[in-house]
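Enquirer: sequence plus the predicted model coming up.
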Amino acid sequence: MSTEKGRAIITTESLCRYYGKGETEVRALDNISVSVEAGEFTAIIGPSGSGKTTLLHLIGGLDNPTKGSVHLSGVNIANMSGSQLSDFRRDHIGFIFQAYNLIPVLSAEENIEYIMLLQGINAKKRKEKVEEMLVKVGLENLGGRRPAELSGGQQQRVAIARAMASQPDIILADEPTANLDSKTGVSLLELMRELNQEQNMTFVFSTHDMKIMERATRLIHIEDGKIVKDERK
Amino acid sequence: MLLFKLAFRNIFRQKRRSLLTVLSMAGGYILCALSFSTTEGSYKNLINLFTLDHTGHIQIHKENYLRRPKIYTNIKDIESISQMLDRRPDIVSHTLRVYAPVLAYSDLGNTPAKLIGIDVDREQTLSRLKEKIKSGSYLSVNMHNSDYSTALIGRGIAETLNLTIGGELVLISQGADGSVANDIFIVQGIVGNKNSKDKSNIFIPLEAAQSFLSMQGRVHEIAIQVDSPDSARKVSISLQEALPELTVSPWQVVEETFYKSMQSDKEGNRVGLLIVVFIIFIGVLNTVLMSVLERTREFGVLKAIGSRPSKIAQLIMLETSLLATISSGIGFVISVPIIAWFTYVGIELEKPIDVGGFMFSHMTGELSTYVLGTPIMIIIGFSFLVSIYPGIKAASIAPTEAMRSH
Ligand SMILES: Nc1ncnc2c1ncn2[C@@H]1O[C@H](COP(=O)(O)OP(=O)(O)OP(=O)(O)O)[C@@H](O)[C@H]1O
Ligand SMILES: [Mg+2]
């Protein structure tokens, strides 16, 4: 899958996700049609409950839409079976969550290595990549530590390293800085932006934080499950 | 490899819980192993007591003598059969016997009895007849100095006919040629007690019995001892091939009632054991489910970043199997010395147990691959079974739900 700049890598068409039925129906996402180009650094913003998490989950194939479709690099992910989708996520999407991203029994290095192990990459290449990623996220000497022995910011750096180590096309991050103090949050975002520019990887992340959204190249505003504003800088 | 690393570290995460699970499964192992050891050991004792009292491990007869014993249903060519049996390495010993119903007389009265002609030398190698003599002595091939043949009589006959050692006993029966057989015998020894199986038996030397019943060169029964009761079936199959005109029966057939009651007793033991193991594994199931539930988020992350659902299920099953393997190892290490002691030393019972006329005073176990290996299969098999449901449950965790549960 190529990540040529300017080409639509994520396309959603009339994407809807409703929870419940009848009286209690919640339209978490209502008719979202949006397209993200390769290499973009996009923030999804909006008030709490507006549907940011739901949108990221649908794009990442973690959840199924009520209506509409998601195409990733032209492939409709709705047509995939359970393990096909697992393999697709493994090879093409990197996830960073708000917290508790890491496997507690694995060291930072092993967490970063995990997806590459699933991919069947050989030990030498894995080791090289882990070293490289640890340097990139500034944790050269902390690779042997377990998540419980790292600070929140350091844990999120490991999560970024893990998400990027397998060279996915898209990285989806749901409020990656929400559990961090604002200084740590900003430096984490700067790291993401650097990696985005350096590797030309597509980033889509959600946030509440003004300081964070300032750094995005594109802002998609959603409210009540609808896109209300879409601005590129 | 990765899965092993994860599984191994996960079981060390909740040390106390894993320890409890391991202890309960190891307990299950020990329980199974000890129970198998005692049942196998005491049945082996019992089978040997039973078979080597008189029956032997295998018997050879003519036609259906076992079910319809007739004096005419007898075996010829005993010379050559006997030589063949002596040559076979899988046969420890054998002996020849003649049977007939007789009427026994003394000065005081008469009583029906069972006459058994025995090969005086060979009988000692197979049955415990000699050890059961309570007074007097064992038969000798040489005639008594009065020209009469000697006899061993059961305690019941001795009491009814008021006979003591040296007393004269008259036997009347029908010979194989239809003639009336009668002769005088001198009591040489008294066998067993009033309740034993031999109470109305009369043993005389084989040659004396053959001439008494006019069936020279023939016998009714050949009893065989092999190295262990377990090999009786195998050896009897090959003997049957060698002796197509005769009927070869292992002890399981000769003593069918005893064998069947033993089997059903074992079955009962197994059911009891199964219930205990079942209860243990309900506990294990509960623990495994709990550990899955606690890690919902973690499995959600693992799935989100691209682990296939089947990998997650495998992880859970591997964790449980690892615990089961450790448990079996611990159970094994604890069981071996206990069972070895029980097998080679055993327990001396204060009061001997009377099992169908056999006095059972020394209880021992058995140390074998069956006794130690079957519990491993039970523990690992059950742990596999109880990990299926938690495994499926973990595999079907929706990553979105897992991610939202803060
Ligand atoms: N499993 C669910 N069942 C019912 N309603 C749900 C479920 N998940 C989300 N919702 C609803 O869907 C809407 C969108 O939720 P979502 O989590 O996407 O919002 P969000 O923009 O990520 O909010 P926040 O900023 O608080 O994280 C909300 O109204 C929420 O209550
Ligand atoms: Mg959210």
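Expert: Everything's here; your move. Ligands and ions are numbered 1, 2, ... in the order given.

Enquirer: ok but residue B:34 is inside a helix, no?
Expert: Yes - applying DSSP: H, G, I helix; E, B strand; the rest coil, one finds residue B:34 inside a helix.

Enquirer: which strand or helix spans residue B:372?
Expert: helix B:369-395 (DSSP states H and E).

Enquirer: what packs against the helix or strand containing residue B:81?
Expert: Using DSSP H and E, residue B:81 maps to helix B:78-87. Helices and strands touching helix B:78-87, by 3 or more C-beta pairs under 8 Å, 6 or more residues apart in numbering or on different chains; DSSP states H and E, are strand B:93-106, strand B:221-225. Backbone N, C-alpha and C define where each C-beta goes, glycine included.

Enquirer: what residues of it count as buried?
Expert: By 16 or more other C-beta atoms under 10 Å in any protein chain shown, the buried positions in helix B:78-87 come out as B:78, B:81-82, B:85.

Enquirer: cool, and stretch A:72-80?
Expert: A:72-73, A:77.

Enquirer: dump the lengthiest helix in chain A to PDB, restricted to CA.
Expert: Across chain A, the helix with the greatest residue count (assigned by DSSP state H) is helix A:182-199. Provided in PDB are the C-alpha atoms of helix A:182-199 (Å, rounded to 0.1, in the frame of the first residue of the first chain):
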ATOM      1  CA  SER A 182       0.100  19.900  29.300                       C
ATOM      2  CA  LYS A 183       3.900  20.300  29.000                       C
ATOM      3  CA  THR A 184       4.300  16.500  28.500                       C
ATOM      4  CA  GLY A 185       1.300  16.500  26.200                       C
ATOM      5  CA  VAL A 186       2.700  19.100  23.900                       C
ATOM      6  CA  SER A 187       6.100  17.500  23.700                       C
ATOM      7  CA  LEU A 188       4.400  14.200  22.800                       C
ATOM      8  CA  LEU A 189       2.500  15.900  20.100                       C
ATOM      9  CA  GLU A 190       5.600  17.500  18.800                       C
ATOM     10  CA  LEU A 191       7.200  14.000  18.600                       C
ATOM     11  CA  MET A 192       4.200  12.800  16.600                       C
ATOM     12  CA  ARG A 193       4.400  15.700  14.300                       C
ATOM     13  CA  GLU A 194       8.100  15.100  13.700                       C
ATOM     14  CA  LEU A 195       7.500  11.500  12.900                       C
ATOM     15  CA  ASN A 196       4.600  12.400  10.700                       C
ATOM     16  CA  GLN A 197       6.900  14.600   8.600                       C
ATOM     17  CA  GLU A 198       9.900  12.400   8.700                       C
ATOM     18  CA  GLN A 199       8.100   9.200   7.700                       C
END
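
Enquirer: which residues are in contact with the residue of chain B found nearest chain A?
Expert: Using C-beta to the nearest C-beta, residue B:306 is the residue of chain B that sits closest to chain A, at 2.5 Å. Applying C-beta atoms under 8 Å, 6 or more residues apart in numbering or on different chains to residue B:306 gives the contacts A:86-87, A:89-91, A:93, A:115, A:118.

Enquirer: mind putting those residues into a markdown table with distance to chain B?
Expert: Converted to a markdown table, those look like this (distance: C-beta to the nearest C-beta, whole Å):
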| residue | distance to chain B |
| --- | --- |
| A:86 | 4 |
| A:87 | 7 |
| A:89 | 5 |
| A:90 | 2 |
| A:91 | 7 |
| A:93 | 8 |
| A:115 | 6 |
| A:118 | 6 |
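
Enquirer: residue numbers of chain A in contact with chain B?
Expert: A:53, A:57, A:60, A:62-63, A:82-83, A:86-87, A:89-91, A:93-95, A:97, A:99-106, A:110, A:114-115, A:117-118, A:162-163, A:174 (C-beta under 8 Å from any C-beta of the partner chain).

Enquirer: for residue 151, grab phi and psi.
Expert: Using chain A. With angles defined as degrees, to the nearest 10, residue A:151 sits at phi -80, psi 170.

Enquirer: was after chain B, sorry
Expert: phi -140, psi 150.

Enquirer: hang on, it packs against residue B:202?
Expert: Yes - counting by C-beta atoms under 8 Å, residue B:151 touches residue B:202, with 5.5 Å between them.

Enquirer: which of these two has more neighbours?
Expert: Legend: neighbour count by other C-beta atoms under 10 Å in any protein chain shown for residue B:151 and residue B:202, higher for residue B:151 (27 against 24).

Enquirer: who touches the more buried one in this structure?
Expert: B:139, B:169, B:185-188, B:202-204.

Enquirer: repeat that for 10 Å
Expert: B:104, B:115, B:139, B:144, B:157, B:163, B:167-169, B:171, B:184-189, B:202-205, B:208-209 (C-beta atoms under 10 Å, 6 or more residues apart in numbering or on different chains).

Enquirer: just the buried ones from those, in ChimeraX syntax?
Expert: A single ChimeraX command selects the buried members of the contacts of residue B:151 (16+ other C-beta under 10 Å):
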select /B:104,115,139,144,157,163,167,169,171,185,186,187,188,189,202,203,204,205,208,209
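
Enquirer: distance check, the residue of chain B closest to chain A against residue A:76.
Expert: 19 Å (C-beta to C-beta, to the nearest Å).

Enquirer: swap in residue B:374?
Expert: Following C-beta to C-beta, the distance that separates residue B:374 from residue A:76 is 54 Å.

Enquirer: please apply the same query to residue A:226.
Expert: 23 Å.

Enquirer: residues of stretch A:11-23 that come out buried?
Expert: A:11-13, A:15-17.

Enquirer: how many neighbours does the residue nearest to residue B:396 when sequence neighbours are not counted have?
Expert: Nearest non-adjacent residue to residue B:396, counting by C-beta to C-beta, 6 or more residues apart in numbering or on different chains: residue B:309, 6.7 Å away. When neighbours are defined as other C-beta under 10 Å, residue B:309 has 19 of them.

Enquirer: which residues are in contact with residue B:309?
Expert: Here residue B:309 is in contact with A:82-83, A:86, B:299, B:302-303, B:391-392, B:394-397 (C-beta under 10 Å, 6+ apart).

Enquirer: and of those, the nearest to ligand 1?
Expert: residue B:397 (13.8 Å; C-beta to the nearest ligand atom).

Enquirer: quick one: secondary structure of that closest one?
Expert: Under three-state DSSP, residue B:397 comes out as coil.

Enquirer: re earlier: tell me the helix or strand right after the longest helix of chain A.
Expert: Taking DSSP H and E, what comes next after helix A:182-199 is strand A:202-207.

Enquirer: and the helix or strand just after that next one, what's buried?
Expert: Next along the chain after strand A:202-207, taking DSSP H and E as the criterion, comes helix A:210-213. Buried residues in helix A:210-213, counted by 16+ other C-beta under 10 Å: A:212-213.

Enquirer: just confirm residue B:21 contacts residue B:387, I think it does.
Expert: No - the criterion here is C-beta atoms under 10 Å, and residue B:21 misses it with residue B:387 at 11.5 Å.

Enquirer: picking up where we left off before, which residues do residue B:151 and residue B:202 both contact?
Expert: Common neighbours of residue B:151 and residue B:202 (C-beta under 10 Å, 6+ apart) are B:104, B:115, B:157, B:169, B:171, B:185, B:187, B:209.

Enquirer: how much space is there between the residue of the stretch 301-406 of chain B found nearest ligand 1 and residue B:312?
Expert: Ligand 1 sits closest to residue B:404 of the stretch 301-406 of chain B, with a gap of 6.3 Å, by C-beta to the nearest ligand atom. With distances taken as C-beta to C-beta, residue B:404 is found 18 Å from residue B:312.

Enquirer: which of the buried residues of helix B:78-87 has the weakest pLDDT?
Expert: Looking at the buried residues of helix B:78-87 by pLDDT, the weakest one is residue B:78, with 92.

Enquirer: all strands of the stretch 151-300 of chain B, in order?
Expert: B:168-174, B:180-191, B:201-205, B:221-225, B:246-250 (DSSP state E, counting those that start in this stretch).

Enquirer: which one of these lies closest to ligand 1?
Expert: strand B:246-250 (68.9 Å).
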